[in-house]
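# Could you look at this predicted model? Sequence included:
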Amino acid sequence: MTDPTEPADPSGPQAGPTDQAGPTDQAGPTDQAGPTDQAGPPVGQAGQPGQAEPPAGPPGPPPAARPAIRTGRNLPVAVAVGVLLGGLAIVTLFTLKATFLLLVALAVGGALWEVSRAFASRNLTVTVIPVGAAGAAMLALAYWSGVRATLAAFATSVIALLAWRLTGGADGYVRDATASVFVLAYLPLPATFVALMLARPDGPRRVVIFVALAVLSDVGGYFAGILLGKHPMAPLISPRKTWEGLAGSLLAGLIGGAILLVTLLHGHWWEGAILGVAAVAAAVLGDLVESAIKRDLDIKDMGHILPGHGGVMERIDSLLIVAPVAWLLLTVFIPHAAH
């Protein structure tokens, strides 16, 4: 057998028609080329005459392309919906502020409906009607009667929920009663602190600060995360959240809090900075809590009623947790109504 890497004799006879390999000349199983018998490149193709071309190495990796930024949402639609909701909130706050309380009640009611449906996927029954009625009563009492009436309403509502579930028998009683009390504490109870802020003479400005800080946390974390995010913060709960995004949220909250508290309530800048950082911590916690709930229930979104955002719950998850924190710090820093 001729070595394929050896130069061919140019004076040798050319193969004629009778020299073609016949059927009996096909390579048998034992004639298959092994790893060391692979045919080299054609003789005399390139380089010096009579020398074999060295085998080409594997192709190099393609030039690294800049990774595309994935926002995870339809940004123009999300911004449009956010601006619409913000405008509606501003109009109701600074015209007849009690109408803003109606918006809060509608948002909590929508979130209650979404959460109850999500819980049902895991055979957890939330008694929607009594939870909704109790939540409405708590909001109204917080606005018109204050903290003590709200606390009494919450305790009475828990008792009522425990009694209501008795009608369903003992099977699954602990599971369903716990789910209903959890939802009452997770949705209407934090929302009562919005009503408590709103009831103050300078309530609309307090609510604007609270909402703005939650939005600044979301916006600062969103853009810092998609532009700089590399280190996951809670990969088992929310893989998209990064430490860089948290830094962006903190920076936005710190600056925004200092400006807003001085401008709207005539407080000190350092009080606003503390409020901003605390609000960001609460907002991030609210996002993580809802993400943990969704992962446990194996769902992506609680709903789809708000284009570009998902459900109502996706929009108010951080607001619910920020509300009691903002109410407490604003009460401490600005105990009397600002003029």
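On my side now, so go ahead. Numbering: from 1, shown residues only.

# Please count neighbours and contacts with C-alpha atoms only from this point.
OK.

# Starting from residue 278, give me the distance back to residue 210.
11 Å (C-alpha to C-alpha, to the nearest Å).

# the more surrounded of these two?
residue 210 (26 against 20; other C-alpha atoms under 10 Å).

# Let me see the contact set for that one.
279, 322-323, 326 (C-alpha atoms under 8 Å, 6 or more residues apart in numbering).

# who wins for neighbours among those?
residue 279 (33 neighbours).

# so who does it touch?
By C-alpha under 8 Å, 6+ apart, the neighbours of residue 279 are 210, 213-214, 217, 253, 322, 325-326.

# and it, what helix or strand is that in?
Per DSSP states H and E, residue 279 falls inside helix 269-297.

# Please apply the same query to residue 240.
Assigned by DSSP H and E, residue 240 falls in strand 238-242.

# can I get the CA coordinates of the helix or strand bottoming out on mean pLDDT in the chain in PDB?
One helix or strand of the chain scores below all others by mean pLDDT, DSSP states H and E: helix 75-93, with a mean of 82. Extracted in PDB, the C-alpha atoms of helix 75-93 (Å, rounded to 0.1, in the frame of the first residue of the first chain):
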ATOM      1  CA  LEU A  75     -40.600  48.000  28.300                       C
ATOM      2  CA  PRO A  76     -42.700  50.600  26.300                       C
ATOM      3  CA  VAL A  77     -46.000  49.000  27.300                       C
ATOM      4  CA  ALA A  78     -44.800  48.700  30.900                       C
ATOM      5  CA  VAL A  79     -43.800  52.300  31.000                       C
ATOM      6  CA  ALA A  80     -47.100  53.400  29.500                       C
ATOM      7  CA  VAL A  81     -49.200  51.400  32.000                       C
ATOM      8  CA  GLY A  82     -47.000  52.700  34.900                       C
ATOM      9  CA  VAL A  83     -47.500  56.300  33.800                       C
ATOM     10  CA  LEU A  84     -51.200  55.800  33.500                       C
ATOM     11  CA  LEU A  85     -51.500  54.300  37.000                       C
ATOM     12  CA  GLY A  86     -49.300  57.000  38.400                       C
ATOM     13  CA  GLY A  87     -51.300  59.800  36.800                       C
ATOM     14  CA  LEU A  88     -54.500  58.300  38.200                       C
ATOM     15  CA  ALA A  89     -53.000  58.100  41.600                       C
ATOM     16  CA  ILE A  90     -51.900  61.800  41.500                       C
ATOM     17  CA  VAL A  91     -55.300  63.000  40.400                       C
ATOM     18  CA  THR A  92     -57.200  61.200  43.100                       C
ATOM     19  CA  LEU A  93     -54.700  62.100  45.800                       C
END
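
# what residues does the helix or strand that comes right after that helix touch?
Sequence order places helix 98-120 as the next helix or strand after helix 75-93, per DSSP H and E. Applying C-alpha under 8 Å, 6+ apart, the contact partners of helix 98-120 are 89, 92-93, 125-126, 128, 132, 136, 139, 183, 187-188, 191, 195, 297, 299, 302-303, 311-313, 316.
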